[in-house]
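Q: Sequence unavailable; structure follows:
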């Protein structure tokens, strides 16, 4: 399974980066190949200063070795080895009318001292973080997620949509990071879903990403915006940074397993503001967004 999924994320990275380069029309992804001293490595691709994308990354990695002590304690195991691979992407567009997007699809195996698999699971999802709320964009993104889920189980979309709203939540701000999408983790074999079934589901979601996001970018990338719009975007980007550094499990896992720092932190936007006690104007488009972030909406 690990070889099959690792091959899949290589191919998906190629498809996504080539599509995004064509969409941007100017910037190209810079590629870095890196190795992890303890085992494994990855292929980082970063785009910067484009016509559409101010900064973004589409990264894949496959790492293995001894599970760090902190992670062994977390999983309640001793003397365990692991293998983990995945694709992680974040895109920060230049135009404040275009939302930031994040997605991740991953696979994990854990082994005993004899090299036998003792646990394995899939995880992942995709979520949207707008700065200005266009309801038709939210509905399109969520409908695409729902369509992918419904091909495998009609219970998946409402379940994983709710988990996304719960996970991507800045508890210290009492608001969501964005308007959600899907989040699933620890997807293990059961009587009704074997690992091949989970692979089929996760790759279905991965294959839906471009369909979910690209039409939104195409519709919004040339809209006019003001300096005030840009300031709001940078203030909201600060909330994005706060979540990634305070709450995100993927960031923490990468740091605890001696992952490549540049790849882990490529998710951070290049221009951010923290304005003391900033409050949006009453009745404004900015306030409209905040109300939705404080009260998640069922878009489909």
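A: Structure received. Values in this document were obtained by computation on a predicted structure and should not be read as measured data.

Q: Where in the chain is the helix or strand with the lowest mean pLDDT?
A: helix 69-75 (a mean of 77; mean pLDDT, DSSP states H and E).

Q: Can you mark which positions in it are buried?
A: 71, 72 (16 or more other Cβ atoms under 10 Å). The way it works is simple: take the backbone N, C-alpha and C, and place the C-beta from them, glycine included.

Q: can you check stretch 21-41 too?
A: Quick answer for stretch 21-41 (16+ other Cβ under 10 Å): 21, 23, 24, 27, 29, 36, 40, 41.

Q: ranges for the helices of this structure?
A: 2-24, 69-75, 135-150, 156-167, 195-220, 227-246, 249-256, 261-264, 285-294 (DSSP state H).

Q: Could you export these to CSV, including columns for distance to residue 109?
A: Below are the helices of the chain laid out as CSV (distance: least, Cβ to Cβ, whole Å):
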stretch, distance to residue 109
helix 2-24, 6
helix 69-75, 12
helix 135-150, 24
helix 156-167, 22
helix 195-220, 10
helix 227-246, 26
helix 249-256, 14
helix 261-264, 21
helix 285-294, 36
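
Q: Check the offset of the least confident helix or strand of the chain from the chain's centre.
A: 24 Å (Cα atoms, centre = their mean, to the nearest Å).

Q: now swap in stretch 198-215 and tell me
A: Mean-position distance between stretch 198-215 and its chain equals 12 Å (Cα atoms, centre = their mean).

Q: Repeat that for stretch 65-84.
A: From the chain centre to the centre of stretch 65-84 is a distance of 24 Å (Cα atoms, centre = their mean).

Q: And it, end to end?
A: One end of stretch 65-84 to the other measures 10 Å (Cα to Cα, to the nearest Å).

Q: Pull the residues that contact it.
A: 2, 36, 38-40, 61-64, 106-113, 115, 118-119, 253, 256-258 (Cβ atoms under 8 Å, 6 or more residues apart in numbering).

Q: Next step: these restricted to strands.
A: If you go by DSSP state E, those have 40, 61-64, 106-111, 118-119 in strands.

Q: Among those, which pair sits farthest apart?
A: Greatest spatial distance in the ones in strands among the contacts of stretch 65-84: 61 and 118, 22.0 Å, computed using Cβ to Cβ.

Q: In stretch 115-124, which of the residues would be classed as buried?
A: 120, 121, 122, 123, 124.

Q: meant to ask about stretch 197-209
A: Residues of stretch 197-209 classed as buried by neighbour count (16+ other Cβ under 10 Å): 198, 199, 201, 202, 203, 204, 205, 206, 208, 209.
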